[in-house]
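1. Sharing a model prediction with you, sequence too.
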Amino acid sequence: MRQLFLSCLLLLSWSAMAQDNSQHAKDSLRSVISHSEGEEKTEAYKALSYIYINEAMYDEQKRDTLFAFFDEMTAEARRQGNEKMVASTMNVRLNNLYNFRQYDEVIRLTRYYLKVMEKVESWTSFYSAYMKLAGAYRLTGREKEALATGQEMYQHAKEKAHNFGMAMAFFEMSKFYSFKRRFTEEEKCLRDCINLLSDSLAYSAHLIDACRNLCSCLISQKRYADALSTTDELENAIKRCEEFSKRSQPAAWRQFYSICLDVYRQSNDWVNAEVYCNKIDSLTDGKANTFEAKAFIALSKKRYAEALEMIDKAIEVAPPHNIIMPRASKISIWLQASGLKDANQTDSLYREVLDMLETIHDEQMTVQLDELRTQYEVEKMQYEMALAQAGKKQFRDYMLFALGGCLLLAVILGIYVYYYRLIKNKNIALFRQIKEQEQRAQLQPLFEVSMPTVLKDTAESSEMQPDAFPPNKKQHRQLVARFHEYLKKDNNYANPDINIDDIIPTLATNRAYFFEAVKDITNKTPMEYIRTMQLEASQKMLEKNFELSIEAIAVDCGFNSRNTFYRLFRDQYQMSPKEYRSIAKKVL
């Protein structure tokens, strides 16, 4: 008892000493601020801001104090006429709002902040703020605004030839791919981002974020060796950041240790997992939520009571949207603690369940699944009680009801299969008709071979040879043929930024005559004619390049918008690109 009392007394003394040191540092910096001017005062403000940020990270009550301090810093920067410091303070404010999940406030403030940052050409702050705005839109479910903001940011950075801006655009795009679990594309975006950031020490903090996300992406693909290799890049990025900022980065080291812990946990290396779990605890004074990791470390040592105690703590502190994972872990620990002979098989099944649960991203769906599971358990109990009481008659009624349900399901399934086959046969007929038209087009005279389908159809309907056209008609055809050759050259038709006004001088004509000729020969506007070529190119790629995604084919053929591509393709071929590809795989 006496030893416990002494331990508590020492702990309280240490806590009070830490608080006293922090307060002493704040008081010293306040004194510098009140008795200095210019650069010295600015540096004191920056140093004091780091203390407030670290305190607010773990104490929500101190966040109001932090933002009040930002107001004070901004006012002082404006008084000194230091607009760069104003922009930097605005960026730090947005970072903290974003980290504290105050996304609506980020959206409200960012557009005004961007104008201030652009005016003083504070580009690092400018593109960081842009990225926070896109992220805030994405995390509040406004994906269209998020995507538009990311594209707007990339175009701005591209015009300025600013590596950091383009890197942040890649970084934000990687988050979209991560949300859709398209890890290959996410990895490519992150590696492009890292390459752009690696050239400057000033970008080290953002390089840390990119390396950390790349590690998580590789872990999601179960590429643990690659993830461990990438942790070396993450460690170097943190050291570079400390070198540049002249300050330690405890938050970054905690993230680094957490990534290492996750890699070793996933690969069942519990010895190394325990090493990094202890490092996290030493860095955070035990405040970090590592209870689930500690539970499995204890389980690996067959300390079942300790494992159950740790997993209960993990369930207690888990946020509502992530409560299912520690509960599933508790089931695994229970089963292994019970001494089952097939404990290894049980653990394997548990991990399969966890992999399935990782694909569930929609919180609403998770809640609905929990409700359905509860409802099912209740109804099952009610049914068993009713069955025991009512006997054979109720059982027969239930079987008849179940048989009726099965028959109804069979009818619905039959109707679905019928309509599915009907649509499938219709699409196959359309596909064959398209291929027949292509074969007939290949038999056209030589002067028509280089023209797209729309020109060939016009020639067929006219029932004329080229020399039989009136002079004006012949000139029109020659102009359209040159237009067609220009589009085919170097696949110019696939350029998403193609501009009719840029093409006209190349063809040595004027706009009115050009539009008249294209309309006369093809019965389309020049832009519609380009779309026709793009659609025919995408049709051929869908037939041959099965390894490419439909979205990649759309981009390669000059479509910026997936929805536009799907709409125009359906208008042209009376089926979606996905349906066309599916039929091509079976028929060709």
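-> In hand now; what should we look at?
2. From now on I want contacts and neighbour counts done on CA atoms only, so please keep to that.
-> Noted.
3. so which strand or helix has residue 521?
-> helix 511-522 (DSSP states H and E).
4. what packs against that helix?
-> Using 3 or more C-alpha pairs under 8 Å, 6 or more residues apart in numbering; DSSP states H and E, the elements in contact with helix 511-522 are helix 453-462, helix 471-488, helix 526-544.
5. Can you list the buried residues in that helix?
-> For helix 511-522, burial by neighbour count (16 or more other C-alpha atoms under 10 Å) applies to 514, 515, 517, 518, 519, 520, 521, 522.
6. Break down the protein into its strands, ranges please.
-> Read by DSSP state E, the chain holds no strands at all.
7. so where's the stretch 151-300 of the chain uncertain?
-> The model of the stretch 151-300 of the chain has pLDDT under 70 over residues 284-289.
8. ok, the buried residues of helix 511-522 vs residue 142, which is closest?
-> Ranked by distance to residue 142 (C-alpha to C-alpha), the buried residues of helix 511-522 are led by residue 515 at 39.8 Å.
9. Please name the residues that touch the closest one.
-> 525, 526 (C-alpha atoms under 8 Å, 6 or more residues apart in numbering).
10. Residue 91 too?
-> 125, 126, 128, 129.
11. now the helices and strands packed on helix 511-522 as JSON lines including mean pLDDT?
-> Shown next, in JSON lines, are the helices and strands packed on helix 511-522 (pLDDT from 0 to 100):
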{"stretch": "helix 453-462", "mean pLDDT": "46"}
{"stretch": "helix 471-488", "mean pLDDT": "86"}
{"stretch": "helix 526-544", "mean pLDDT": "90"}
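12. Looking at the ones you listed, which one is packed in the most?
-> Ranked by average neighbour count under the criterion mean count of other C-alpha atoms under 10 Å, the helices and strands packed on helix 511-522 are headed by helix 526-544 at a mean of 19.
13. Just put the buried residues of helix 511-522 in TSV and tack on distance to residue 23 and pLDDT.
-> TSV is the format used below for the buried residues of helix 511-522 (distance: C-alpha to C-alpha, whole Å; pLDDT from 0 to 100):
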residue	distance to residue 23	pLDDT
514	77	91
515	76	92
517	80	91
518	78	91
519	78	91
520	82	90
521	82	90
522	79	89
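14. Specify which member of these is nearest to residue 69.
-> residue 515 (62.5 Å).
15. re earlier: which two from the buried residues of helix 511-522 end up farthest apart in space?
-> For the buried residues of helix 511-522, and using C-alpha to C-alpha, no pair is farther apart than 514 and 522, which are 12.0 Å apart.
16. on that earlier part again, how about the helices and strands packed on helix 511-522, which one is nearest residue 97?
-> When the helices and strands packed on helix 511-522 are compared by C-alpha to C-alpha, helix 526-544 sits nearest residue 97, at 44.3 Å.
17. Next, the angle helix 471-488 makes with the closest one.
-> 50 degrees (axes from the mean of the first three to the mean of the last three C-alpha atoms, to 10 degrees).
18. what helices or strands is helix 526-544 leaning on?
-> Looks like helix 526-544 contacts helix 511-522, helix 550-556, helix 562-573, helix 577-587 (3+ C-alpha pairs under 8 Å, 6+ apart).
19. repeat that for 10 Å
-> Other elements packing on helix 526-544 under the criterion 3 or more C-alpha pairs under 10 Å, 6 or more residues apart in numbering; DSSP states H and E are helix 453-462, helix 471-488, helix 500-503, helix 511-522, helix 550-556, helix 562-573, helix 577-587.
20. okay, the ones you listed in a markdown table with distance to residue 397 next?
-> Output for the helices and strands packed on helix 526-544, formatted as a markdown table (distance: least, C-alpha to C-alpha, whole Å):
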| stretch | distance to residue 397 |
| --- | --- |
| helix 453-462 | 64 |
| helix 471-488 | 71 |
| helix 500-503 | 73 |
| helix 511-522 | 69 |
| helix 550-556 | 51 |
| helix 562-573 | 50 |
| helix 577-587 | 44 |
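21. State the distance from residue 114 to residue 205.
-> Look at residue 114 and residue 205: by C-alpha to C-alpha, to the nearest Å, they are 20 Å apart.
22. Could you do residue 407 as well?
-> In terms of C-alpha to C-alpha, residue 407 sits 62 Å off from residue 205.
23. the more surrounded of the two?
-> Neighbour count, other C-alpha atoms under 10 Å: between residue 407 and residue 205, residue 205 has more, with 19 against 12.
24. how about the nearest residue to that one, chain neighbours excluded?
-> In this structure, residue 205 finds its nearest non-sequential neighbour in residue 241, 5.9 Å apart by C-alpha to C-alpha, 6 or more residues apart in numbering.
25. close enough to count as contact, the one you found and residue 201?
-> Yes - with contact defined as C-alpha atoms under 10 Å, residue 241 counts as touching residue 201 (6.9 Å).
26. Return the residues in contact with the residue lying closest to residue 493 once chain neighbours are set aside.
-> Nearest in space to residue 493, with sequence neighbours left out and distances taken as C-alpha to C-alpha, 6+ apart, is residue 487 at 4.8 Å. Applying C-alpha atoms under 10 Å, 6 or more residues apart in numbering to residue 487 gives the contacts 481, 493, 494, 495, 498, 503, 530, 533, 534.
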